[in-house]
Structures are given as C-alpha cells and as structure tokens.
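**Q** this is the structure alone, sequence omitted:
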C-alpha cells in the first residue's frame, strides 16, 4: 500500500462524475489527463476521480482532510447531503509523517472517526469490524512484539505501538469494501483515475504544464 493515501469513497453513488461536480457547483472542472493510482506520485493536492466497481473514488488531500475539521465546512456538508442514503468513507495514511485517519458516514450520519497524529487525536464512535480484526491480529503477532522488546521498549510503549499499528492498518482494511480486495495487495498501476482542473484558469494550467515538463526533462 502506498505510504500516502487521501481517498474519499462513496459506495454505489448512482450518479456520474459530471453529475457530482454539478451538484457541488464545480462544473467548471474538466478532465484533462488519465493516470493510474500509482502514477499520481506526489500530486495529492490535485483532484482525481474515478468509478471503480460501481463506487466513486476521489483522491485529493485537501478534500479528505476537510472531513476531519469540525464543525464541517459548507462544502463538506454539501458533499454529505449529496449522498444522504449512501456510505462515505474517508481514508488517510501518511507513512512519512506517521499519521492516519479514517471516517465513516452511513445514511448521512457519522458513525466512526479516528485520527492519530503527532499533535492530534480523535476517537469517536464504536469500533468497526475492520478495527476489531486489526487489533486482534496485531496483539497476536508475536514477531512484532518480540521486535519491540528487542528494541528495548517498555510494556506500556509496546502497547502504544501495537495500538498505533492496528489503527494504521485500518484504511487498507476498509479499502476492501470498495475495491473488492485490500489496496495493499492490488496492482495500483491498474487502478485508473482522471485528473480534473479548471482549464479556464490559465495561470494554474500553465503551472501544471510547467511542472509536467520539468518532471519529463529531469527524467531525460
């Protein structure tokens, strides 16, 4: 699984991407380029959309993190209201920063929020089935426990590490609900997305072209 994900899933949205953008007052955004999920690289602040297994996948760092800011912004409220009878999942993982977060909404109601980072901690709602499974697996992982013991960690430190590891695995476990398998075992080169931009914004589009050209030249 990638060390950085910022995914928003909507289960069986029953609408096209164009319908979604229209309802969010974002009809100015147009498709400009196709990518694989693996090919996105560090462009997580761009907007990527796809329908996979009948489920909507949105990849965007800003949109994803906005769901964890309370009270919710007008945009997030509008997004949730667009899918009043559906399941929405927001999955975040950043291995570099040792941060993970996940949020689950069903029928317009938030049923689970977990966010763990250096300066933040949120834990709202009952444990999900995937969380219970992850905690059980990590506690029973004797090799992992031995690794921490050999590193000189105290019992309390080991317990904290195991709790973190269990939570960090949950975004991957939740991804199976929408992909049909765990993201961590799939070939992300085969997961197709489309990048969207406001192509009328000449300055932004020119910057995008410059960035793409710079990457191409560096490879050459």
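**A** All right, it came through fine. What you are looking at is a predicted structure, and each value in this text was computed from that prediction instead of being measured. Numbering: from 1, shown residues only.

**Q** could you find the closest non-adjacent residue to residue 149?
**A** residue 158 (6.9 Å; Cβ to Cβ, 6 or more residues apart in numbering). C-beta coordinates here come from the backbone N, C-alpha and C atoms, glycine included.

**Q** in the chain, what secondary structure element scores lowest on mean pLDDT?
**A** When each helix and strand of the chain is scored by mean pLDDT, DSSP states H and E, helix 202-219 comes last, with a mean of 57.

**Q** so who does residue 99 touch?
**A** Neighbouring residues of residue 99 by Cβ atoms under 8 Å, 6 or more residues apart in numbering: 92-93, 116-118.

**Q** buried ones among those residues?
**A** Neighbour-count burial (16 or more other Cβ atoms under 10 Å) applied to the contacts of residue 99 gives 92-93, 116.

**Q** any chance of JSON lines for those residues, columns secondary structure and distance to residue 67?
**A** Output for the buried ones among the contacts of residue 99, formatted as JSON lines (DSSP: H, G, I helix; E, B strand; the rest coil; distance: Cβ to Cβ, whole Å):
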{"residue": "92", "secondary structure": "strand", "distance to residue 67": "9"}
{"residue": "93", "secondary structure": "strand", "distance to residue 67": "14"}
{"residue": "116", "secondary structure": "strand", "distance to residue 67": "15"}
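
**Q** and which of the residues you listed is nearest to residue 189?
**A** Using Cβ to Cβ, residue 93 comes nearest to residue 189 of the buried ones among the contacts of residue 99, at 18.7 Å.

**Q** residue 83 touches residue 13, doesn't it?
**A** Yes - using Cβ atoms under 8 Å, residue 83 makes contact with residue 13 at a distance of 6.2 Å.
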